[in-house]
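Q: need a 3D model of the sequence below.
(chains A and B)
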Amino acid sequence: MREITLGQYYPVKSVLHRMDPRMKLIIMVLYIVMIFFIKTFIGFGIVLIFLALTIALSHVPLLKVLKSLKVIIILVIFTVVMSVLFYNGTAEDLIWSAGILKIYKEGLLNAGRMALRLVFLVLGPTMLTFTTTPVELTDGLESLLKPLSYIKFPVHELAIIMSIALRLIPTLVEETDKIQSAQKARCADFESGNIFKRAKAMIPVLIPLFVSSFRRADDLADAMDSRCYRGAKGRTRMKKLKVHFRDFAALFVMCVFFFAVLWLRYNFFPALIDLSAIPWII
Amino acid sequence: MPIKIEHLNYVYNQKTSFATAALNDISLEIREGDFLGVIGHTGSGKSTLISHLNALTRIQSGVIFVDDMDLRPKKIDFKKLRSKVGMVFQYPEYQLFAETVYKDVAFGPENIKLPEEEIAKRVEEAIGLVGLDFSSIKDRSPFELSGGQMRRVALAGVIAMKPEYLVLDEPTAGLDPRGKTEIMQLVKNIAATCKSVIMISHNMDEVAEYCNRIAVLSQGKLYGVYEPRELFRSRELLKSLKIDVPAVTALAAGLNERGFNVDPSIINEEELIEAVRAEYFGRKAQ
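A: From the prediction side, this is the model:
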């Protein structure tokens, strides 16, 4: 159970770590949207430059970043194999066939683009969680969603629920460990038997866990009450989020990349440089 | 030799940059009839040490034998070991889960696949041993009991497996003074049914009163194993390890310093009362 780590914050000092979480969130949204505009390998090259820049600035080791791809590796392989095998191309594109299996050149390229899109979609948010603590993230989210509170959307409450949940995950993991040890000491068997047996074996762990969660929630509510917590009304912050020059610089860089990707896709200035005339931009 | 630990080492987060040594070359023998106290500050490795005894923590390097069971192989008979070495964790009442007290206490015996009649017999016996009334409590929910009762039920859940060795991690933590005495009395009664008892404690009064040997851990190392009298007499050692003396010993030592003829190594109430009485009548007679 111990291996569970949510929010894989990597504690080093870098300009990316110091950035305003709100700006990072905005940039990440732009980044994700940007990826869906990409149709060409050159476009992915542009994103790669952006990512390389981000990783270099973050001081997070490259290997650590690449390790985050481990979770999607099966998904990527599955997607690639499926899209190669079931692509329907034209006859002159066919490179290899055996029975009903046909592989087209365009199918391969398509699969490659799909794989790259998945990889880049994971790497972006990964960089966000590497450089931003969960607390900063919820703070940023709360601040960004603030306008919604005018239509009576409980933004502050949502944020506080999120931060409490994030805070309690390690505690609950530890608690689960303890209870599991205690039941193991009474010869409980969690490792053998079929899936139903194993699920049933978890009952002696889950019930005490629920009970203690409720107790903990009660205690926390009391502790908040006794320190006069009354929701968002009139509440100020100790750490005020502040936007600096570097945040705008980062946003600017993001916009430049976004524009480059859009230009590549829509060929804005055919009179100036006609991208569609360049053959290697596929 | 019932339990034998030799050159036990344990490192947390092995092979990572966060590696920290929790146990460092510990050799310890627990004899039959021992009531062994394990003392040491938070982080000294007490809990890691005792969780080795029923293979909840597996040996990284070193040797442990429980009777003739070797705990080194990867596959051992866990059920046999864990019914042999009963372990009561800190705040054991947080492990209660069943709808009724009876079912909760029967959890352990059921796991070792005992016949139904044997389970019933053991549950009744265990509930009796922890000082609860079997017929009135067996069908109640463990969650509606008082804190002290819950702890007793949890204790019964371990005893019902009839362990030969009982390992306790701070059995009196968080109880009021009377609750502490009551639980320790129970533990003493239960100890009579086991080969030996191992108890972690921060309460020196308890350690002095109930243990016949005391293992002192400090920063993952076994500092030594002492008899209570011997340990609480060596003031220098206690000071260097920042360990308190039992209240009675502190009182006896204070009297001794002020010129009364009271042995400063006294470790229990009766002895102190006897010594003070003797001194009082002795002075009166003069």
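Q: pretty sure A:Leu262 is in contact with A:Phe268, am I right?
A: Yes. Counting by Cβ atoms under 8 Å, A:Leu262 touches A:Phe268, with 7.4 Å between them. From N, CA and C alone the C-beta is placed, and that goes for glycine too.
Q: element containing A:Val261?
A: helix A:245-266 (DSSP states H and E).
Q: so what does that helix touch, helix or strand wise?
A: helix A:21-37, helix A:41-58 (3 or more Cβ pairs under 8 Å, 6 or more residues apart in numbering or on different chains; DSSP states H and E).
Q: go through those and name the closest to chain B.
A: Minimum separation from chain B across these (Cβ to the nearest Cβ) falls at helix A:41-58, 18.9 Å.
Q: for that closest one, name the packing helices and strands.
A: Helix A:41-58 packs on helix A:15-18, helix A:21-37, helix A:105-131, helix A:245-266, going by 3+ Cβ pairs under 8 Å, 6+ apart.
Q: now do the residue nearest the centre of chain B against chain A, distance only.
A: Ranked by distance to the mean C-alpha position of chain B (Cα atoms, centre = their mean), the top residue is B:Met199 at 1.5 Å. Relative to chain A, B:Met199 is positioned 15 Å away (Cβ to the nearest Cβ, to the nearest Å).
Q: could the helices and strands packed on helix A:41-58 go into CSV alongside mean neighbour count?
A: Formatted as CSV, these follow (neighbours: other Cβ atoms under 10 Å in any protein chain shown):
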stretch, mean neighbour count
helix A:15-18, 17
helix A:21-37, 18
helix A:105-131, 18
helix A:245-266, 15
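Q: next, format those helices as CSV and append distance to B:Gly128 and mean pLDDT.
A: Shown next, in CSV, are these (distance: least, Cβ to Cβ, whole Å; pLDDT from 0 to 100):
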stretch, distance to B:Gly128, mean pLDDT
helix A:15-18, 61, 92
helix A:21-37, 60, 94
helix A:105-131, 55, 90
helix A:245-266, 70, 92
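Q: nearest to A:Phe153, out of those helices?
A: helix A:21-37 (17.4 Å; Cβ to Cβ).
Q: need the contact partners of the closest one.
A: A:16, A:43, A:47, A:50, A:117, A:120-121, A:124-125, A:128, A:131-132, A:136-137, A:139-141, A:143-144, A:241, A:243, A:247-248, A:250-251, A:254-255, A:257-258, A:261-262, A:265 (Cβ atoms under 8 Å, 6 or more residues apart in numbering or on different chains).
Q: check whether stretch A:59-79 comes near chain B.
A: No. Stretch A:59-79 does not reach chain B (Cβ under 8 Å from any Cβ of the partner chain); its nearest approach is 12.0 Å.
Q: contact residues of the stretch 51-200 of chain A facing chain B?
A: Residues of the stretch 51-200 of chain A lying close to chain B by Cβ under 8 Å from any Cβ are A:178-179, A:181-189.
Q: which ones are touching the nearest residue in space to A:Ser58 that is not next to it in sequence?
A: Computed as Cβ to Cβ, 6 or more residues apart in numbering or on different chains, the closest residue to A:Ser58 that is not its neighbour in sequence is A:Leu16, at 4.3 Å. By Cβ under 8 Å, 6+ apart, the residues touching A:Leu16 are A:24, A:54, A:57-59, A:127, A:131.
Q: show me where the stretch 101-250 of chain B has its strands.
A: According to DSSP state E, counting those that start in this stretch, the stretch 101-250 of chain B carries its strands in the segments B:165-169, B:196-200, B:213-218, B:221-226.
Q: could I get those strands as JSON lines with mean pLDDT?
A: JSON lines is the format used below for these (pLDDT from 0 to 100):
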{"stretch": "strand B:165-169", "mean pLDDT": "95"}
{"stretch": "strand B:196-200", "mean pLDDT": "95"}
{"stretch": "strand B:213-218", "mean pLDDT": "94"}
{"stretch": "strand B:221-226", "mean pLDDT": "92"}
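Q: I'd like the distance from whatever helix or strand A:Leu172 lives in to the chain centre, please.
A: A:Leu172 belongs to helix A:155-185 when assigned by DSSP H and E. Chain-centre distance of helix A:155-185: 21 Å, with Cα atoms, centre = their mean, to the nearest Å.
Q: need the contact partners of the helix or strand following it.
A: Reading on from helix A:155-185 to the C-terminus, the next helix or strand found by DSSP H and E is helix A:195-201. If you take Cβ under 8 Å, 6+ apart as the criterion, helix A:195-201 is touched by A:188-191, A:193.
Q: can you add pLDDT and give these back as CSV?
A: Converted to CSV, the contacts of helix A:195-201 look like this (pLDDT from 0 to 100):
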residue, pLDDT
A:Ala188, 90
A:Asp189, 87
A:Phe190, 86
A:Glu191, 82
A:Gly193, 80
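Q: just the closest of those to chain B, please.
A: Using Cβ to the nearest Cβ, those come closest to chain B at A:Ala188, 5.8 Å.
Q: coming back round to it: give me the buried entries from the contacts of helix A:195-201.
A: Buried members of the contacts of helix A:195-201, scored by 16 or more other Cβ atoms under 10 Å in any protein chain shown, are A:Ala188.
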